[in-house]
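1. The sequence isn't on hand, but the structure is:
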């Protein structure tokens, strides 16, 4: 950069700045600024033509006043005129003023673009660099459209100086990030890769930044850069810090360039050429070895530079995921950082180990650090580090350590920060479902989860436990017993009441033989929570009561008294009022056989992917996917059904409402709350027929079918399959006051299973029952 001549010093500007600093009050400063603005305005509007020095001085004063926080509404044209000057200092001030004060919508933008073009076509490298810096600073779309085609010519030209190439690369990078469509593609994209072999490391660094960004959009155009990047990286990591003195930072040779090259290589898969792959692995091993060497300096800058290269190398090792030796070494070195005194290093180590935990080669090595991670979870002061510890425990969990990890996470959940509780609840629910010791342990875990963090337990979690209980005959009695015991707590969360109401409504008869959980005791326990719950939960409890009338005829009178209560029959909530009236009429006019048919136990759910995992992916897209990890280890997907061959380790998966074969299912409509229970299988699955896993009851022979008379269906549709088809909008949750989001196909999932309720209470012609 040219030196400023002694005669170019602006004495008037120095005096003005001194006057501003000497002002004793804000009013005095404002008075001095107003006086100066009036003077500058008069000079610009005067008859006397100002020379370049005067324009530069006054424009500089305007720039200083603007930086003090005052608005400037004149002087822009004078700044544009300075761009045509051949003197460096005048042109520099003009570009500086334009970069700071000129709006991209300004009427002067075309004049500025023309002035910049003139400077780009000159042979003066200083003027070219000033123009490129101005383009990068403003970076408007109009400027990009006009000037982007010219910049690649500067990058690949053999006559361009190194300093200009650097500025041109960074300028084009800025325009590409602002308006990618304006940057042309062509022959220059093939030639720009050769800049990685340039002798000037400044050019290589700038070119690497540009190539990395362009390669993320069109990787095929820059695939030849992989070999060049490996070659350049090899020369850097094998060199001594004395070989690259101009680019050595605290004894670490070219750390910024090394990081950029490693990031560029992460855009592509491992090289197919064995020689190139071997050379890259040697580079990575060298970086890991250097990280183990004693530090050459005690200053933090040295360790920061060395660790920056190390962590980026580990990211590349994880990205390739093909070298078991490197993966295990990387894991061991990261493990040393878990107890480092620097919080940032502990955070980065946990974050990188989360990625290593998803690799089949390094998963076992990560598990060895479980105790250290649990300690970090309990003792770390920084909440962000604790959150990464939770992520790592989630990622390293498998069948061998699931019980211990879930117990530790539940223990920590009681005192966890509110900001991470919801995510922790989802992860505990997923792990408990993914790796159950047995299904009684799973039920205990979810109920404990609701007890500890009920406010953070989303509907997906308690829907899921109900699905699994319904699908597992061997756990239904146990679930009814433990949920009955949980409801006896003085303070009981509403989600626990929902789970208890549903499970006892379905399987309360399995524990009714014990006097301590007799039908009346079950009813009184649930009804004691009734007035403390919201309207949707009250609706669900009313549905439980109608189920009790079928299960326990001996308490029918007490249940009907509740339904007759004016608080229900005249409730301001239309849903509750409708449920109470319809349930009361159904229990009064229907025979016991009709009640038994209509209120039959829910059939098992078909298999489907867990929606809790889908919700966690939405909440945190970059979370390590334990399903991917499991997929690598086993080719047998977990299943959930009523088969006796199902082992406790089999993974339960979410299921939708059964669809009768007789009635085609409508295409599901996707929404923001889609897949509450794993119903949504994507657009392609919408047209796939779902096979029902339970048979419709056959109509009695002779005298017309009972269900035909009850549901008053036309002859063409006088079967249960048609009556229970998914066109019935009202599902169990709707009857309970749970309003599903509009257009959400998955809202019919769990209590769509209670289509018996829907038909009987919302579609049933009571006159036919009489």
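-> Noted; the coordinates are in hand. Bear in mind that the values here come from a model prediction, so they are computed numbers and not experimental data.
2. Quick one: residues contacting residue 113.
-> With Cβ atoms under 8 Å, 6 or more residues apart in numbering as the criterion, the residues that contact residue 113 are 142, 143, 146, 147. Every residue, glycine included, has its C-beta placed from N, CA and C.
3. Buried by neighbour count, from those: which ones?
-> When the contacts of residue 113 are checked for burial by 16 or more other Cβ atoms under 10 Å, the buried set is 143, 146, 147.
4. Let me see the ranges of the helices in the stretch 101-250 of the chain.
-> Taking DSSP state H, counting those that start in this stretch to define them, one finds helices in the stretch 101-250 of the chain at 109-120, 125-138, 141-147, 151-156, 162-178, 188-192, 201-217, 225-237.
5. Determine the angle, from 0 to 180 degrees, between the first one and helix 125-138.
-> When axes from the mean of the first three to the mean of the last three Cα atoms, to 10 degrees is applied, the directions of helix 109-120 and helix 125-138 differ by 150 degrees.
6. Likewise for the fifth one?
-> Here helix 162-178 points in a direction 20 degrees away from that of helix 125-138 (the same axes, to 10 degrees).
7. name the helices or strands packed onto helix 162-178?
-> Counting contacts by 3 or more Cβ pairs under 8 Å, 6 or more residues apart in numbering; DSSP states H and E, the secondary-structure elements packed against helix 162-178 are helix 125-138, helix 141-147, helix 151-156, helix 201-217.
8. To residue 588, which of those lies closest?
-> With Cβ to Cβ as the criterion, residue 588 lies closest to helix 201-217 of those, at 68.9 Å.
9. where exactly do the strands run in the stretch 251-400 of the chain?
-> Shown for the stretch 251-400 of the chain, the strands assigned by DSSP state E, counting those that start in this stretch span residues 252-253.
10. Specify which residues of the stretch 1-150 of the chain, grouped into ranges, have pLDDT under the cut-off.
-> Within the stretch 1-150 of the chain, the segments meeting pLDDT under 70 span 1-9.
11. change it to 50
-> When the per-residue scores of the stretch 1-150 of the chain are filtered using pLDDT under 50, the ranges that remain are 1, 4, 6-7.
12. Equivalent analysis for the chain, please.
-> Low-confidence segments of the chain (pLDDT under 50): 1, 4, 6-7, 624-770.
13. got CSV for the helices of the stretch 101-250 of the chain, with distance to residue 445 too?
-> What follows is the helices of the stretch 101-250 of the chain, written out as CSV (distance: least, Cβ to Cβ, whole Å):
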stretch, distance to residue 445
helix 109-120, 63
helix 125-138, 56
helix 141-147, 55
helix 151-156, 59
helix 162-178, 47
helix 188-192, 55
helix 201-217, 42
helix 225-237, 47
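14. which stretch among those helices comes nearest residue 536?
-> helix 201-217 (46.5 Å).
15. What about residue 69, how many residues nearby?
-> 6 (other Cβ atoms under 10 Å).
16. what helix or strand is it on?
-> Assignment of secondary structure by DSSP states H and E places residue 69 within no helix or strand.
17. still on that earlier bit, please render the contacts of residue 113 as JSON lines that adds distance to residue 318 to the earlier fields.
-> What follows is the contacts of residue 113, written out as JSON lines (distance: Cβ to Cβ, whole Å):
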{"residue": "142", "distance to residue 318": "42"}
{"residue": "143", "distance to residue 318": "40"}
{"residue": "146", "distance to residue 318": "43"}
{"residue": "147", "distance to residue 318": "40"}
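18. Widest-spaced pair of these?
-> With distances taken as Cβ to Cβ, the most widely separated pair in these is 142 and 147, at 9.5 Å.
19. quick one: which of the helices and strands packed on helix 162-178 is nearest residue 482?
-> Distances from residue 482 to each of the helices and strands packed on helix 162-178 were compared using Cβ to Cβ; the shortest belongs to helix 201-217, at 51.7 Å.
20. So which bits of the closest one are buried?
-> Within helix 201-217, the residues that count as buried by 16+ other Cβ under 10 Å are 201-215.
21. Just give me the closest of the residues you listed to residue 539.
-> Proximity to residue 539 was ranked across those by Cβ to Cβ; first place goes to residue 213, at 54.8 Å.
22. ok, the closest one touching residue 175?
-> No: checked against Cβ atoms under 8 Å, the pair residue 213 and residue 175 is beyond contact range at 10.9 Å.
23. nearest to residue 526, of the contacts of residue 113?
-> When these are compared for distance to residue 526 (Cβ to Cβ), residue 142 wins out at 68.7 Å.
24. Quick one: the buried ones among the contacts of residue 113 as a markdown table, columns for distance to residue 473 too.
-> Written out in a markdown table, the entries for the buried ones among the contacts of residue 113 read as follows (distance: Cβ to Cβ, whole Å):
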| residue | distance to residue 473 |
| --- | --- |
| 143 | 71 |
| 146 | 73 |
| 147 | 73 |
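25. closest to residue 123 among the residues you listed?
-> For the buried ones among the contacts of residue 113, the closest approach to residue 123 (Cβ to Cβ) belongs to residue 147, at 17.9 Å.
26. I'd like the distance between the closest one and residue 118.
-> In this view, residue 147 and residue 118 are 12 Å apart by Cβ to Cβ, to the nearest Å.
27. try residue 334
-> 54 Å.
28. more neighbours, the two?
-> It is residue 334, of residue 334 and residue 118, that has more neighbours when counted by other Cβ under 10 Å, with 25 against 13.
29. Contacts only, for the more buried one.
-> The neighbourhood of residue 334, defined by Cβ under 8 Å, 6+ apart, consists of 314, 349, 352, 353, 356.
30. In contact with the fourth one, which residues?
-> Remark: with contacts taken as Cβ under 8 Å, 6+ apart, residue 353 is in contact with 331, 334, 335, 338, 366, 369, 392, 395.
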